[in-house]
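**Q** what would the 3D arrangement of this be:
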Amino acid sequence: MKDISSHVQTIIEMIERARHNALKSVNAELVQLYWDIGKYLSEESENALKKSTFVDETAKYIEEKYPEMKGFTRRNLYRMLQFYETYSENEFVQSMLTQISWTNHLLILSSTKNIEEKEFYIRLCVSEKYSSRELKRQIENAYFERYLLAPKLNLPLALENNIILDSYVLDFLDLPDSFSEKDLKSAIVQNMKNFILEIGKDFSYIGEEFRIQVGDSDFYIDLLFFHRGLSCLVAFELKLGKFQPEFLGKMNFYLEALDREYKKPNENPAIGIILCATKEEEVVEYAMSRNMSPTLISKYTLQMIDKKLLKRKLHEFKELLAKNGIE
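**A** Predicted coordinates for the structure are as follows:
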């Protein structure tokens, strides 16, 4: 029989769930309201002498005649107008608008330049359920550019709908100038919430130094996760220096052991991610050309990424694709 604390905990969980659902409902109503107001302003101002004059007069009239109506200043009305006009012809985005917060919408509108980037972050917010703080960090760390610049690797089809990047930003680790692989691993474990935000919220942490036994020998995987979207184990190996081809042999051994001894019947084969400080793309290409296991070679940085540099690389990449007739 349950004691009183268990009953109370169940009730608390019911209350929290109801509060969460209520907040989601309120947010959806607010976003829909701001969309409708933006639509009205856009359609009516087409017949006005000047759009800015129409919005200015509307805001002024609300302020004078309805002072109790907060949140409908000139600035906010322009945001609603921009909100509608940005997505008015994008039916796909419209289907997801009420699934993210108004604060996140404002971040995306003000911090991105084109509709492709905006749509990307809206999708990401819906799938990862980002808070405004989490979204801001990903935008500042050029998550969109890093995703587009990631090479297309020979991985299972399921990976096409999941985000595993070519580079990761671990600026939250606060490591000293000189550190070991053990220090790196410990810092990641101590900052696991931020690490999962960076690699993706579908990753569930299993453990560090995960022991696998083959024959009479014990081996240890640096970090082991389970990916809910891919329904498979994901092994991380951490390296301080440059990628070396021999790293692949060790990872392939780990993945084979995981599949034989730990994979459940309903799960997909394990995936490996070798996280290095640097890598040479030609060396990676040669190493991966005959490698049959699903392994990715990613790099990490301990500092914020130069977003302007990434944007320039992305522009050059798109120009190269265009020259080769690839859209």
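
**Q** the closest residue to residue 233 other than its chain neighbours - how many residues pack around it?
**A** Nearest residue to residue 233, sequence neighbours excluded (CB to CB, 6 or more residues apart in numbering): residue 270, at 4.2 Å. Every residue, glycine included, has its C-beta placed from N, CA and C. By other CB atoms under 10 Å, 27 other residues sit near residue 270.

**Q** contact partners for residue 270?
**A** 232-235, 254-255, 258-259, 262-263, 294 (CB atoms under 8 Å, 6 or more residues apart in numbering).

**Q** out of the residues you listed, list just those in helices.
**A** Residues of those located in helices (DSSP state H): 254-255, 258-259.

**Q** how about the residue nearest to residue 233, phi and psi?
**A** Taking degrees, to the nearest 10, you get phi -70, psi 150 for the backbone angles of residue 270.

**Q** residue 137 too?
**A** Dihedral angles (degrees, to the nearest 10) for residue 137: phi -60, psi -40.

**Q** count of neighbours near it?
**A** When counting by other CB under 10 Å, one arrives at 19 neighbours for residue 137.

**Q** does it touch residue 193 like I think?
**A** No. Contact criterion CB atoms under 8 Å: residue 137 and residue 193 do not qualify, at 12.0 Å.

**Q** could you list the low-pLDDT ranges of the stretch 51-200 of the chain?
**A** Residue ranges of the stretch 51-200 of the chain with pLDDT under 70: 150-163.

**Q** can you give me the strands for it?
**A** In the stretch 51-200 of the chain, the strands defined using DSSP state E, counting those that start in this stretch lie at 167-169.

**Q** and the residue lying closest to residue 196 once chain neighbours are set aside, what does it touch?
**A** Leaving out its chain neighbours, the residue that sits closest to residue 196 by CB to CB, 6+ apart is residue 203, at 5.4 Å. Residues near residue 203 by CB under 8 Å, 6+ apart: 196, 225-228, 234.

**Q** torsion angles phi and psi at residue 203?
**A** phi -80, psi 130.

**Q** who does it bridge with?
**A** Beta-bridge partners of residue 203, counted by DSSP bridges, are residue 227.

**Q** which one of the contacts of residue 203 is nearest to residue 28?
**A** The closest of the contacts of residue 203 to residue 28 turns out to be residue 228 (CB to CB; 24.8 Å).

**Q** can you count the residues close to the closest one?
**A** Around residue 228 sit 13 other residues, with neighbours defined as other CB under 10 Å.

**Q** filter the contacts of residue 270 down to the buried ones.
**A** 232-235, 254-255, 258-259, 263, 294 (16 or more other CB atoms under 10 Å).

**Q** and which of these is nearest to residue 184?
**A** For these, the nearest to residue 184 is residue 235 (15.8 Å; CB to CB).

**Q** please report the distance of that closest one from residue 254.
**A** 5 Å (CB to CB, to the nearest Å).

**Q** that older thread, flag the least confident of the contacts of residue 203.
**A** Lowest-confidence member of the contacts of residue 203: residue 228, scoring 88 (pLDDT).

**Q** what's the local residue count around the closest residue to that residue other than its chain neighbours?
**A** Nearest residue to residue 228, sequence neighbours excluded (CB to CB, 6+ apart): residue 202, at 4.7 Å. Residues near residue 202, counting by other CB under 10 Å, number 18.

**Q** residues in contact with residue 202?
**A** Residue 202 makes contact with 162, 227-230, according to CB under 8 Å, 6+ apart.

**Q** what of residue 137?
**A** residue 197.

**Q** could you rerun that using 6 Å?
**A** Counting by CB atoms under 6 Å, 6 or more residues apart in numbering, residue 137 touches no other residue.

**Q** and it, how far from residue 196?
**A** The gap separating residue 137 from residue 196 is 13 Å, by CB to CB.

**Q** give me the domain ranges for this structure.
**A** The chain breaks down into these domains under automatic domain parsing: 1-88, 154-311.

**Q** identify the bridge partners of the nearest residue to residue 236 once chain neighbours are set aside.
**A** Residue nearest to residue 236 in three dimensions, not counting chain neighbours: residue 223, with 4.0 Å by CB to CB, 6+ apart. Counting by DSSP bridges, residue 223 forms beta bridges with residue 208, residue 236.
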